[in-house]
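A.B. asks: 3D model of this:
(2 chains)
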Number of protein chains: 2
Amino acid sequence: MPLQPHMKLISVDDHIIEPPDLWTSRLPTAHLDAGPRVIEVDGAVTTEIGAAATAAGTQMWTFEGQPFPNIALNAVAGKSHEEFGLEPVRFDQIRPGCYDPAERVKDMDIDGVQAQLGFPTFPGFAGRVFATAKDKELALLCVRAYNDFILDEWCGPHPDRLIPMVILPLWDAELAAAELRRTAERGAKAVAFPENPAGLDLPSFHSGGWDPLLAVAEEAGTPLCMHFGTSTRMPFVAADAPFPVTIALMGTNSINTLSELLFSPIFHAFPRLKVTLAEGGVGWIPWFLERIDLTWERHRFYNDVNKEVRPSALFRRNVWGCFIDDTPGLLLRDVIGVDRITWEGDYPHSDSSWPHSRKRAGEAFVDVPDADVHRIVELNARELLSFDADLHG
Amino acid sequence: MPLQPHMKLISVDDHIIEPPDLWTSRLPTAHLDAGPRVIEVDGAVTTEIGAAATAAGTQMWTFEGQPFPNIALNAVAGKSHEEFGLEPVRFDQIRPGCYDPAERVKDMDIDGVQAQLGFPTFPGFAGRVFATAKDKELALLCVRAYNDFILDEWCGPHPDRLIPMVILPLWDAELAAAELRRTAERGAKAVAFPENPAGLDLPSFHSGGWDPLLAVAEEAGTPLCMHFGTSTRMPFVAADAPFPVTIALMGTNSINTLSELLFSPIFHAFPRLKVTLAEGGVGWIPWFLERIDLTWERHRFYNDVNKEVRPSALFRRNVWGCFIDDTPGLLLRDVIGVDRITWEGDYPHSDSSWPHSRKRAGEAFVDVPDADVHRIVELNARELLSFDADLHG
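C.D. replies: Residues are numbered from 1 along each chain as shown, chains lettered A, B, ... in the order given. Next up, the predicted model:
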């Protein structure tokens, strides 16, 4: 009886496709043209990542006059694997659960998922796009509008099912601290943050530049959720490598993140700070913790790193991982720490098992003792996110 | 009795520091000035990686007029961890076992190692430097001189202890094939090859550009040994990250290599080809094989990859890993495949446990059954390298 009926699945990594009116219904009139909105495109367009031909009837986001080619990056929930490949180009090509919270909850019911935490899509999984905006006044309004949407419209009617994660004005750590304080007071339970801000030409984890934000996150108990890919630095592969080479490697970005974090001053300066690594899996963690401790043992004396605390001890106090499918990670759960492991559903992306998440999780946990299963699928996420709204009638 | 006296340690990853006269004693007189030689430097020099001030009495390699700042990259065998940090700048600052084969064998006796396989140092672990030479006639002479040194001087007098690994003229796959054929006929047991040739602006694993070489390697049964770092692409880290962030991450380069290889046409075109991943550890392999198989299951239909054979099946037929310290890898040895795992000593680098390698291996194997220990420390390497010279009186 590994995954028992009373154990609820709480997912710490899913994805929200922003509805077309998210910003147009919230921004002041003067900003409506430059702000994010969905346009109909027919023909060739030039985007931030190059020129692309579009099919007739393509919908795209535009922001400050720049087109963004995917309305629904990887929204494949419900498709067979043979149908994977082409990104949907119109909202009517994806499940309403991608962008409608009431429909999302229905899809979670089908999937056997009690509650979930959703990352943004069009602005990047950590809100990166707004940090590159030319008009930072507009960008700040956009960040706040997204967060108000999450708090009021996405999660507000479903406090027992949809857990609010907000984004930040990443271009200014003081502004970011203020926005986290504002939204935490309004009920935000988590905040999306880049897996490596240095990849976005923002201050690194080593710089001290995030201290105002980290102080608020620690004080509020709000985990920084770092999804792979949010540094925009992809693993190095040959230019002619087929795309699956990169897909399989994306989890290595989370290894980079963990190496940066555990050798940074962050967890020494903010000992109660919580960080999650999203979508990178956990099966590599035992190998990496041994490796980083050996590196620390041999190389700490001539480098500017903490000399007293083993990196693995920081991991076991400050960092959480999550997984969808990870047999090796479950086999070595005691080495990782059962309290470090959470579960994710990844709806509506290609790694998701929707609508079979609960069935698949049951199979994965077949040899895991009840207490460990309960920790991993539910109790760890509740503690991490201070989430218990569904337990109060 | 995990590591029993009759089990011999055979290391598949160590490092040769080239003696100062390796090329000057072998190149034709006309090439002596441009060829690799050791110079005395006192003051500032400009190298391929930037300007550097040098201490009085520094020795450096020079090739085609370019200085190379480290004579003995990471040659720290015998130093305490507190002494790590400064590269030695003179041959008389490193153990003679770094560059003298008779002294190397003595150091192996102290370390309890029966036989080892050494990568080059000054030309890069895969001979990269010669591929960037302006004078390719000189470069080819340099490659052949290195290989003759390995066959005649390094391994020749110690066929039972030092296993010959050669390098290739990487700028031309036909030349490389010819040099591998020449040296295999002279007794070469392995060949160093870049972990990702695309990182050196050479043809990728996907290009078909290496087919002449791979045909010879398959026919001769000579494994391509891919040491991490030989693509010269380092893991992405913040510019102000302390150096241990990168050291701990170097093994992720081997993950990149495996993803490229398993989604390439190479093992389908050359089903008996052997590849080793050097110094990347093995503890991440169970996680990555599950991940790459899931990627293949979901994304093979719309990509130019083989549709019939799971990537993990190719790993279990064509690839070998190795480790120095890897508790998780040993715990999951059956998932990796006990026949895929070899041992390395890494003399004289900072990961080495010299002079305690045999003692440390004994501790690592304390819970591993005899038959598995014997496979991992000795028998797999013998089969991989067709090495049995020490078994014939």
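A.B. asks: surely A:A34 meets A:E64?
C.D. replies: Yes - at 5.1 Å, A:A34 counts as touching A:E64 under the criterion of CB atoms under 8 Å. Quick note: C-beta positions are derived from backbone N, CA and C, even for glycine.
A.B. asks: need the residues of the stretch 1-150 of chain A near chain B, please.
C.D. replies: A:H81, A:E82, A:F84, A:G85, A:L86 (CB under 8 Å from any CB of the partner chain).
A.B. asks: top of those by neighbour count?
C.D. replies: For those, the largest number of neighbours (other CB atoms under 10 Å in any protein chain shown) sits with A:F84, at 16 neighbours.
A.B. asks: quick one, what contacts the closest residue to A:S357 other than its chain neighbours?
C.D. replies: Excluding its sequence neighbours, the residue lying closest to A:S357 (CB to CB, 6 or more residues apart in numbering or on different chains) is A:D111, at 4.5 Å. Contacts for A:D111 (CB atoms under 8 Å, 6 or more residues apart in numbering or on different chains) come out as A:G345, A:Y347, A:W354, A:P355, A:H356, A:S357, A:R358.
A.B. asks: make it 6 Å
C.D. replies: Contact analysis of A:D111 by CB atoms under 6 Å, 6 or more residues apart in numbering or on different chains lists A:W354, A:P355, A:S357.
A.B. asks: among the residues you listed, which are in helices?
C.D. replies: Among these, the ones falling in helices (DSSP state H) are A:S357.
A.B. asks: and which of the contacts of A:D111 is nearest B:I341?
C.D. replies: A:S357 (34.1 Å; CB to CB).
A.B. asks: turn the contacts of A:D111 into TSV, columns for pLDDT, distance to A:R272 and neighbour count.
C.D. replies: Listed next are the contacts of A:D111 as TSV, based on pLDDT from 0 to 100; distance: CB to CB, whole Å; neighbours: other CB atoms under 10 Å in any protein chain shown:
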residue	pLDDT	distance to A:R272	neighbour count
A:W354	94	34	23
A:P355	96	38	17
A:S357	96	31	23
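A.B. asks: from the contacts of A:D111, which is closest to A:P120?
C.D. replies: Checking these one by one against A:P120 (CB to CB), the nearest turns out to be A:W354, at 19.1 Å.
A.B. asks: ok, the closest one to chain B distance?
C.D. replies: 13 Å (CB to the nearest CB, to the nearest Å).
A.B. asks: surely that residue meets A:A75?
C.D. replies: No - counting by CB atoms under 6 Å, A:W354 does not reach A:A75; the two are 11.0 Å apart.
A.B. asks: quick one: the strands in the stretch 101-250 of chain A?
C.D. replies: Secondary structure of the stretch 101-250 of chain A (DSSP state E, counting those that start in this stretch): strands at A:115-119, A:162-163, A:165-166, A:190-192, A:224-227.
A.B. asks: and for A:F301, the neighbour number?
C.D. replies: When counting by other CB under 10 Å, one arrives at 14 neighbours for A:F301.
A.B. asks: find the residue at the geometric middle of chain A.
C.D. replies: Using CA atoms, centre = their mean, the residue of chain A that lies closest to the mean C-alpha position is A:H227, 4.0 Å off.
A.B. asks: hey, what's that one bridged with?
C.D. replies: A:A278 (DSSP bridges).
A.B. asks: surely it and A:F125 touch.
C.D. replies: Yes - contact criterion CB under 6 Å: A:H227 and A:F125 qualify, at 4.2 Å.
A.B. asks: so what's A:P244 up against?
C.D. replies: With contacts defined as CB under 6 Å, 6+ apart, A:P244 is in contact with B:F263, B:T295, B:H299, B:N303, B:V305.
A.B. asks: how about A:N318?
C.D. replies: Contact analysis of A:N318 by CB under 6 Å, 6+ apart lists A:F267, A:L273, A:V275.
A.B. asks: in JSON lines, list the residues you listed along with neighbour count and pLDDT.
C.D. replies: Shown next, in JSON lines, are the contacts of A:N318 (neighbours: other CB atoms under 10 Å in any protein chain shown; pLDDT from 0 to 100):
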{"residue": "A:F267", "neighbour count": "23", "pLDDT": "98"}
{"residue": "A:L273", "neighbour count": "22", "pLDDT": "98"}
{"residue": "A:V275", "neighbour count": "23", "pLDDT": "98"}
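A.B. asks: the residues you listed in helices, which ones?
C.D. replies: Residues of the contacts of A:N318 located in helices (DSSP H): A:F267.
A.B. asks: which parts of the stretch 251-393 of chain A are helices?
C.D. replies: Counting by DSSP state H, counting those that start in this stretch, the segments of the stretch 251-393 of chain A that form helices are A:251-262, A:266-269, A:285-299, A:311-318, A:327-331, A:333-336, A:357-364, A:370-374, A:380-385.
A.B. asks: okay, buried residues for the third one please.
C.D. replies: Read that as helix A:285-299. Buried residues in helix A:285-299, counted by 16 or more other CB atoms under 10 Å in any protein chain shown: A:285-296, A:298-299.
A.B. asks: restrict the residues you listed to contacts with chain B.
C.D. replies: Near chain B, taking CB under 6 Å from any CB of the partner chain as the test, the members of the buried residues of helix A:285-299 found are A:P286, A:W287, A:E290, A:R291, A:I292, A:L294, A:T295, A:R298, A:H299.
A.B. asks: and chain A, which of the contacts of A:P244 reach it?
C.D. replies: For chain A, the contacts drawn from the contacts of A:P244 by CB under 6 Å from any CB are B:F263, B:T295, B:H299, B:N303, B:V305.
A.B. asks: let me know the closest of the residues you listed to A:A102.
C.D. replies: Proximity of the ones next to chain A among the contacts of A:P244 to A:A102 (CB to CB) peaks at B:H299, which lies at 31.3 Å.
A.B. asks: who's in contact with the closest one?
C.D. replies: B:H299 sits next to A:P244, A:I247 when contact means CB under 6 Å, 6+ apart.
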